[in-house]
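>>> Have a look; sequence and predicted model below, questions after that.
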Amino acid sequence: MKNLFKKYAGLSLAALVVGGAGSALAQTQDLTLWNSSTGTSGIGVEWGTGSLTPDNTVAGPNDTGSLKVTVDFTGASDTPAADYICFNGGNPWYQPLAVNLALYKSIDFDVKWDTTSDITISEFNDLSTWPATLTNSTGTNVFWSWAGAGYLSGSLGGLDFEGTGSYNQMGPSIYTTNLPTAAANGWVHMSLPINPAMANIDAINGLCLHKWVNQCWGIVNPAVARFWIDNLVLKGTTIPLPPKLSMPVKATPGLNVFASTEGSLYDRQSAVLRQNSGLSWVGQATPANPVTYSFTIAGYPTSVNCEAWMFLVPNPAYMDNSPDWNETNCAIVYLQGSPTSATMHFQYKVNEASQQGMYSGASGVVEKIGGINETNSYTNAPGSWNGVTTPWLESGNLAQVTNNSILGTWTIKFTSDTNGTLIAPDGNSTNFVFPTYNIGAFAENPAATTPFYLYLGMQANNADAINQAVVYSQFSVNGTASPYSENFLTDSSLDTVNVWNTGAASGPKGVLVVPGSSALWVSWSLPDAGFGLQATPTLNDPLAWTTPSIGPALGMYGVRSQLIDSSEVPAGSAAFFELIKRTATQLQVLLPGEVNAPGTATGKTGTPTAESVNSLFTVTVNMCDSTWHIVSSTDAVSLSSATDPGVGSATGNLVGGTAQITTWYFDTAGSQTVTASDTSNTAITSNTSSSVVAQ
């Protein structure tokens, strides 16, 4: 690997060729999401207390009706609005059309405020401005008596427009905007720009109107806000510039956890251990049987503010993205460092409703204690209280230990319920005592649905950590009732079915194992619709270009990064990379047992597996160029069979250029074929599969 890295470093002197034949991108036409002519199909509520309904009594500009949005603020839900508007009907899970938002320049719509709402537009845009004496349309107080002005501080300001997709009901966040105050006097037109470099917007099947409330349980009686929207349109773009390649970066094997999202710098990225019991030290640790939590850092972003962390969450309510913020009880081991120094901290919180005292020793935090509104200061050292009156006022800062590098193995060791030690890679250690009266909060409740969750992850905290990863090479829990360990350097992929869950990560695609055979990451700017990466050892042979395909290509913050295996790096002393935009010309049909093989005569390898008559199986349909490379597309396709016409047809939609249709079967024994046709674009050539035996 040392010699290989010298070669990769030398790529800074080699040419990186951008573009290729057919790199021009056509201008996109406007696409209407909703007006009164589209009807009720494709609109609905994902969750929460709000509603979305067509209203023929209020006419929008140049329209006979409008779409009424009701935002119902209650103490029962922190999501008073999560309403979807999908293209061509359907819902976010089963939507027949997906579009690439990077090909549109803005989200345009008209909005009008209902002045009979319980709150004003300004109060909708900033919930912290609600007066403590606010009453609703029935004349009853909205807040509990102990909830004062500013209680809803920290809620989502304005209205968030998020994308929806079949693999992610909400996200990414496209644009957050305040509603204009002029909308209280009539219709106002709004235009929200779309950032074409945003990741994960290339297969969006609709928009979600999202409103989130912090501390919603302070609301005792509902407050309702209403407004109308109309003429919701995606505006077509001018011709975008082609993507630009960046210099390759050496890949670090292990569990890579990237700061990959378009959201906040404080998005938590994590893998959660699916084993959810037998992980607490409480009741297990003794001097003869110490309990240890250990992990090895093999890679770290070039940022002194980035965090690598492990969360220990007893009896959680659910698998939360931010348990250190949202769960009542949580312990966290986190690292921050630089090339020459690093510090590991151990903190915890118990019965903390304010959600923030563990980190900052926050003062002036308003929370409900015993039904009384109190202002608390989390400035007291752990163990300084008696455990009866106000133990939750402790700061939770137990200990920290330093090391001359963030790389290496870090350990937290318990020799009893209360006695622990932090151990740095160089052997530095710090002892601490966990307050006895708080230990019970970290004991597993065997009757709980989830007795214990253990998270391993990172968060960026600063812009210089974006699109970089914390890399874990090893992780272990020893001495507990159900110990667990894993060497990520021996993994070829992350087992997200049986061992780890990445669903709590804001960017789950950026949580992955990089195998030991991986060489480097090659990145390029977004948008990149239709472009693919190629590599060659020389610029003198046009036939020497190859297409790396072993590793994934991840959409991250403004870039796409593709993992290149060592076997895909061109031989010799130089390597050249280019992006080429491929033109879709034909469909490809793959049966079970076959795989795509671009650049070959048939475009595939393998032999179809015999199928049972009247048994469903999966047919894969790819959109391809003339050399069988897969091209991104969202076209609708249909299947039929000339050899077995009695089976009828099946349909599906391409996502990223591929559709897997599982509703296909043969009803006649013998040699059969399947034909795929493009029902969105008749210029695309249909394709018939290899023959397969139905028996």
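The structure has been received and is ready for your questions.

>>> Can I take it that residue 639 is in a helix?
No: secondary structure of residue 639 (DSSP: H, G, I helix; E, B strand; the rest coil): strand, not part of a helix.

>>> Can you name the residues that contact it?
Taking Cβ atoms under 8 Å, 6 or more residues apart in numbering, we find residue 639 in contact with 619, 621, 649-652, 661, 664, 674-676. Any C-beta I mention is one placed from the backbone N, CA and C, and that applies to glycine too.

>>> Okay, and which of these map to strands?
619, 621, 650-652, 661, 664, 675-676 (DSSP state E).

>>> got the residues you listed as a markdown table, with pLDDT columns?
Listed next are those as a markdown table, based on pLDDT from 0 to 100:
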| residue | pLDDT |
| --- | --- |
| 619 | 93 |
| 621 | 96 |
| 650 | 88 |
| 651 | 88 |
| 652 | 88 |
| 661 | 89 |
| 664 | 84 |
| 675 | 94 |
| 676 | 95 |
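
>>> so where is the protein shaky, pLDDT-wise?
The chain contains residues with pLDDT under 70 at 1-27, 39-41, 88-97, 166-169, 238-240, 262-263, 353-379, 386-393.

>>> what does the strand or helix carrying residue 564 contact?
Using DSSP states H and E, residue 564 sits in strand 559-565. If you take Cβ under 8 Å, 6+ apart as the criterion, strand 559-565 is touched by 197, 199, 243, 246, 248, 251, 467, 514-515, 517-526, 528, 533, 535, 548, 550-554.

>>> One more pass at 7 Å, please.
With contact meaning Cβ atoms under 7 Å, 6 or more residues apart in numbering, strand 559-565 is reached by 251, 467, 514, 517-526, 528, 533, 548, 550-554.

>>> From those, which land in strands?
With DSSP E as the criterion, strands contain 514, 518-525, 533, 553-554 from among those.

>>> List buried members of those residues by neighbour count.
Buried subset of these (neighbour count, 16 or more other Cβ atoms under 10 Å): 514, 518-525, 533, 553-554.

>>> want to try CSV for those residues, with distance to residue 453 as columns?
As requested, these are arranged in CSV below (distance: Cβ to Cβ, whole Å):
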residue, distance to residue 453
514, 25
518, 29
519, 35
520, 34
521, 30
522, 35
523, 33
524, 36
525, 37
533, 37
553, 31
554, 25
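
>>> Can you tell me which of those is closest to residue 580?
Nearest to residue 580, judged by Cβ to Cβ, of those is residue 533 at 8.1 Å.

>>> Now do the contacts for the closest one.
522, 548, 562, 577, 579.

>>> again, but for residue 311
Residues near residue 311 by Cβ under 7 Å, 6+ apart: 323-324, 330, 332, 455.

>>> one more time with 8 Å, if that's ok
Contacts for residue 311 were tallied using Cβ under 8 Å, 6+ apart; they are 270, 323-324, 330-332, 453-455, 457.

>>> mind checking the SS state of the residue nearest to it when sequence neighbours are not counted?
Counting by Cβ to Cβ, 6 or more residues apart in numbering, residue 311 lies nearest to residue 455, which is 3.8 Å off, once chain neighbours are set aside. Per three-state DSSP, the secondary structure class of residue 455 is strand.

>>> Can you show me the helices along this protein?
With helices called from DSSP state H, the chain shows them at 2-9, 121-125, 323-326, 357-360, 436-439.

>>> Relative to residue 154, which of the ones in strands among the contacts of strand 559-565 is nearest.
Ranked by distance to residue 154 (Cβ to Cβ), the ones in strands among the contacts of strand 559-565 are led by residue 554 at 30.9 Å.

>>> Residue 509 is in contact with that closest one, correct?
Yes: using Cβ atoms under 8 Å, residue 554 is in contact with residue 509, at 5.4 Å.

>>> Common neighbours of those two, please.
In contact with both residue 554 and residue 509: residue 260, using Cβ under 8 Å, 6+ apart.

>>> residues near residue 648, how many?
Other residues near residue 648 come to 12 when the count uses other Cβ atoms under 10 Å.

>>> number of nearby residues for the nearest residue to it once chain neighbours are set aside?
Excluding its sequence neighbours, the residue lying closest to residue 648 (Cβ to Cβ, 6+ apart) is residue 640, at 7.8 Å. Per other Cβ under 10 Å, the neighbour tally for residue 640 reads 18.

>>> who does residue 640 bridge with?
Under DSSP bridges, the beta-bridge partners of residue 640 are residue 675.

>>> so how far is residue 489 from it?
Applying Cβ to Cβ, to the nearest Å, the value for residue 640 to residue 489 is 48 Å.

>>> I'd assumed residue 679 was in contact with the residue nearest to residue 648.
No: if you go by Cβ under 8 Å, residue 640 and residue 679 don't touch, sitting 11.1 Å apart.

>>> middle-most residue in the chain, spatially?
For the chain, the residue sitting closest to the mean C-alpha position, by Cα atoms, centre = their mean, is residue 507 at 2.9 Å.

>>> Look up how far residue 315 lies from it.
As judged by Cβ to Cβ, residue 507 and residue 315 stand 27 Å apart.

>>> what does residue 601 give?
As judged by Cβ to Cβ, residue 601 and residue 315 stand 60 Å apart.

>>> Only alpha carbons, please: show the strand holding residue 564 as CSV.
Written as CSV, here are the backbone C-alpha positions of strand 559-565 (Å, rounded to 0.1, in the frame of the first residue of the first chain):
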residue,chain,number,x,y,z
VAL,A,559,-20.2,16.5,-4.6
ARG,A,560,-20.4,12.8,-5.6
SER,A,561,-17.6,10.6,-4.4
GLN,A,562,-16.8,7.2,-6.0
LEU,A,563,-14.8,4.6,-4.2
ILE,A,564,-12.1,3.1,-6.5
ASP,A,565,-10.8,-0.5,-5.9
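
>>> Describe which strands that strand pairs with in its sheet and in which direction.
For strand 559-565, pairing defined by DSSP bridges yields strand 518-525 (antiparallel), strand 553-555 (antiparallel).

>>> How far away from the center of its chain is it?
For strand 559-565, the separation from the chain centroid amounts to 18 Å (computed by Cα atoms, centre = their mean, to the nearest Å).

>>> burial measure for residue 607, as a count.
Around residue 607 there are 10 other residues, counting by other Cβ under 10 Å.

>>> Quick one: residues contacting the nearest residue to it once chain neighbours are set aside.
Spatial nearest neighbour of residue 607, chain neighbours left out: residue 593 (5.4 Å); criterion: Cβ to Cβ, 6+ apart. Going by Cβ under 8 Å, 6+ apart, residue 593 touches 606-609.

>>> Buried ones only from those, please, as a PyMOL command.
Buried residues among the contacts of residue 593 (16+ other Cβ under 10 Å), as a PyMOL selection:
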select buried, resi 608
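
>>> circling back: which one, of the strands paired with strand 559-565, ends up nearest to residue 282?
strand 553-555 (38.3 Å).

>>> Provide the contact partners of that closest one at residue level.
Contact with strand 553-555 is made by 199-200, 202, 258, 260, 509-510, 512, 526, 533, 560-563, as judged by Cβ under 8 Å, 6+ apart.

>>> out of those residues, who has the most neighbours?
Of all the contacts of strand 553-555, the highest neighbour tally under other Cβ under 10 Å goes to residue 260, namely 28 neighbours.

>>> Pretty sure it sits against residue 467.
Yes: with contact defined as Cβ under 8 Å, residue 260 reaches residue 467; the gap is 6.5 Å.

>>> still on that earlier bit, nearest to residue 495 among the contacts of residue 533?
Ranked by distance to residue 495 (Cβ to Cβ), the contacts of residue 533 are led by residue 562 at 22.4 Å.
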